[in-house]
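1. Got a predicted model here, sequence first, then my questions.
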Amino acid sequence: MVWRSDRPLRYTVRKGDTLWDISARFLRDPWRWPEVWHANPQVRNPHRIYPGDILEVAVINGQTMLQPVEPPLPVHRLSPEVRREPLEEAIPALPYERIAPFLAETAPVDIKTLKKAPYLLGPVNAEQLIMGVGDHVYIRGTDAPAGTSFQVVDKQGVALKNPDTGKHLGYQVEVLGMIRLIQSGDPAKAVITQSRREMRAQDRLLPAPEALITPDLLPRAPGQPISGRILLLSNAISQTGQYQSVTLGLGSREGLEIGHVLTIYRSGIRIPDPVRGGKVDLPEEIIGEVLVFRVFEGFSQALIVRSTRSISVGDRVANPP
């Protein structure tokens, strides 16, 4: 059963809600939302949810479903005045502020992209060794027009390898800041607009990230079997938890997509058998879930949306049971 026993029969969507929050009020597993959602064609936009919308549990064709209903029309006294109504945006799947820091702090990149990426040649002021906000710099390797922005990333990064096969998948690099081109050419000229850390010659440039979480994103399980491991933790050395980012050794090559939810499994430990002797391997244990928000060919980034224990490098991720 996917429904919570204490679910409400009706719920009015509020400003600040997310799809994940609302799903958690009705379902044991919020990512199962698409399985129970009934798009009512009589409402203004049956596939989006806005503040003020009313959701109700209903039996449709013998199945318990969740659907939006039209709220009752309010009674207004007519008066000769100008009425201003703000344009409401559909609620997002997750609060973007949960993911934005990880887009600004780290950037997974494949091997070819990092090697071919444009790079900082050096400061316009040749006496400088390091560069920061407001400094003018020269760059090479791009024919982008003036006005184009780039992320500046560490030229080395952390190597990402599949722990089961040893295959090199790419790198996770630290984002040092942002620059904006002010003059195209070879070399081109740019100004540093944001800086998290000092920048040096040879640091690489990547395209500025776009907002990846939209109101249309629906968390869902993959449609095919997927299994892989956690390769790297963000902002942690050995363990991490809810609302932290992890890098997975799975990507579009394995069929992974933005919005997919995967279950995290902790491998069973070996304990001694006091009766038969020897040791026995305990079964895997479910310790959380991740939601994928950025996908590359051989790896991806995901947000830990639920955890019952600390998450570690090497933990397995796979389809929800």
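-> Nice, I can see it.

2. Next secondary structure after the least confident helix or strand in the chain by mean pLDDT?
-> Evaluated with mean pLDDT, DSSP states H and E, the helix-and-strand set of the chain has its lowest mean pLDDT in strand 239-240, which scores a mean of 66. Scanning the chain past strand 239-240 towards its C-terminal end, the next helix or strand to appear is strand 245-248 (assignment: DSSP states H and E).

3. hmm, who's touching that following strand?
-> Taking C-beta atoms under 8 Å, 6 or more residues apart in numbering as the criterion, the residues outside strand 245-248 that touch it are 99, 102, 106, 108, 160, 172, 228-235, 240, 256, 262, 290, 292, 299-304, 311, 317. In short, each C-beta sits where N, CA and C put it, glycine included.

4. Mind listing what's buried along stretch 98-109?
-> For stretch 98-109, the buried set under the neighbour-count rule, 16 or more other C-beta atoms under 10 Å, comprises 98-99, 102-103, 106-109.

5. Check what contacts it and list those residues.
-> Contacts of stretch 98-109 with the rest of the structure, by C-beta under 8 Å, 6+ apart, involve 117, 151, 153, 157, 160, 170-175, 196, 206, 209, 212-213, 234-235, 243, 245, 247, 293-294, 296, 299-301, 303.

6. Now the buried members of those.
-> Using 16+ other C-beta under 10 Å as the burial test, these include 117, 151, 153, 157, 160, 170-175, 206, 212-213, 234, 243, 245, 247, 293-294, 296, 299-301, 303 as buried.

7. What about those residues, which are in strands?
-> Secondary-structure check on the buried ones among the contacts of stretch 98-109 using DSSP state E: residues within strands are 151, 153, 160, 170-175, 206, 245, 247, 293-294, 300-301, 303.

8. which residues does Ile54 form a beta bridge with?
-> Listed by DSSP bridges, the beta-bridge partners for Ile54 are Thr12, Val69.

9. same deal with Ser245?
-> Each beta-bridge partner of Ser245 is listed here: Leu303, as defined by DSSP bridges.

10. coming back round to it: Val13: which of the buried residues of stretch 98-109 is nearest?
-> Proximity to Val13 was ranked across these by C-beta to C-beta; first place goes to Arg98, at 19.2 Å.

11. Which phi and psi values does the closest one adopt?
-> The main-chain torsion angles of Arg98 are listed as degrees, to the nearest 10 and equal phi -70, psi -30.

12. what about Ile271, how many residues close to it?
-> Neighbourhood size, Ile271 [other C-beta atoms under 10 Å]: 10.

13. I'd like the secondary structure assignment at it, please.
-> Following DSSP: H, G, I helix; E, B strand; the rest coil, we place Ile271 in the strand state.
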